[in-house]
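Novice: I need the structure of the sequence given here:
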Amino acid sequence: MEIQPKLIVFSAPSGAGKTTLVRHLLKQKELNLAFSISAASREPRTGEIDGKDYYFLGLKEFKSRIRKEEFLEFEEVYRDQFYGTLKSEVERIWALGKHVIFDIDVVGGLRLKKKFPERTLAIFVKPPSINELQIRLKKRKTETPEKIAMRVAKASTEMATAPQFDIIIKNDDLNLAKERAVQVVKDFINQPVPRDEEE
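Specialist: So this is what the prediction gives:
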């Protein structure tokens, strides 16, 4: 059995620190990771770049691609606000001979795990508490109090899915969380995958 490209999924409630951990892992050259850029139906926020932060498709185009079955997974996260992983994006990264790392919501993360059970490591990043999550989201100053309240309410549901993930990393000490993330990813990508896992 040879080492085949893998999927490393990071999921968490907003503000738990998954993006920080993913960025740290991408800097570790020996892990040979490339970031999967998600598709979004929404408009770019200030400073976001199409093809770098997300593929901003617009609602009509996103729904058209759903009909054409171009997504590995997608989710209507809020009303008429879709996010998803294009099959072409994962194929692009695998063609480079790299492992794919994702920063996606819990539903999408678990769908990928179900689709590629042997090739996927699903990691849940757990914040110290819901209260701490709220503080972090307020500090960002990127969203309205209503949006923050919506994210916090959603976080309780997301936290309940944690046991379905392969690994839970509690992010109450960022340096320790980074070390743990590097170790579990390194261990996983060095494991061979059975050849019959679907492409």
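
Novice: what are the ranges of the strands in this protein?
Specialist: Applying DSSP state E to the chain gives strands spanning 7-11, 33-35, 39-40, 55-56, 71-78, 81-86, 99-103, 120-126, 167-170.

Novice: out of the ones you listed, which is closest to Glu158?
Specialist: strand 7-11 (7.7 Å; Cβ to Cβ). C-beta: built from backbone N, CA, C; applies to glycine.

Novice: what lies in contact with the closest one?
Specialist: For strand 7-11, the surrounding residues in contact (Cβ atoms under 8 Å, 6 or more residues apart in numbering) are 18, 21-22, 25, 33, 90, 99-106, 108-110, 112-113, 116, 119-125, 158, 165, 185, 188-189.

Novice: show me what counts as buried in the helix or strand bottoming out on mean pLDDT in the chain.
Specialist: Counting by mean pLDDT, DSSP states H and E, the chain has its least confident helix or strand at helix 130-140, which shows a mean of 78. Across helix 130-140, burial judged by 16 or more other Cβ atoms under 10 Å covers Leu133, Gln134, Arg136, Leu137.

Novice: with stretch 73-85 instead?
Specialist: By neighbour count with 16+ other Cβ under 10 Å, stretch 73-85 contains the buried residues Glu73, Phe74, Glu75, Val77, Phe82, Tyr83, Gly84, Thr85.

Novice: then stretch 84-96?
Specialist: Of all the residues in stretch 84-96, those buried under the rule 16+ other Cβ under 10 Å are Gly84, Thr85, Leu86, Glu89, Val90, Ile93, Trp94.

Novice: which residue is the nearest non-sequential neighbour of the fifth one?
Specialist: Beyond its immediate neighbours in the sequence, the residue positioned closest to Val90 (Cβ to Cβ, 6 or more residues apart in numbering) is Val100, lying 5.6 Å away.

Novice: again with the fourth one
Specialist: If the residues on either side of it in the chain are set aside, Glu89 comes closest to Ser36, at 5.4 Å by Cβ to Cβ, 6+ apart.

Novice: could you pull out the helices in this structure for me?
Specialist: 18-26, 59-67, 87-95, 106-115, 130-140, 145-159, 174-189 (DSSP state H).

Novice: looking at those, which has the lowest confidence?
Specialist: When the helices of the chain are ranked by mean pLDDT, helix 130-140 comes last with a mean of 78.

Novice: between the buried residues of helix 130-140, which is closest to Leu59?
Specialist: Nearest member of these to Leu59, counting by Cβ to Cβ, is Leu137, at 25.2 Å.

Novice: can you convert the helices of the chain into TSV and add a column each for distance to Glu48?
Specialist: Converted to TSV, those look like this (distance: least, Cβ to Cβ, whole Å):
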stretch	distance to Glu48
helix 18-26	13
helix 59-67	16
helix 87-95	17
helix 106-115	19
helix 130-140	14
helix 145-159	16
helix 174-189	24
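
Novice: looking at the ones you listed, which is closest to Asp53?
Specialist: Between Asp53 and the helices of the chain, the tightest spacing by Cβ to Cβ is seen for helix 18-26, at 10.8 Å.
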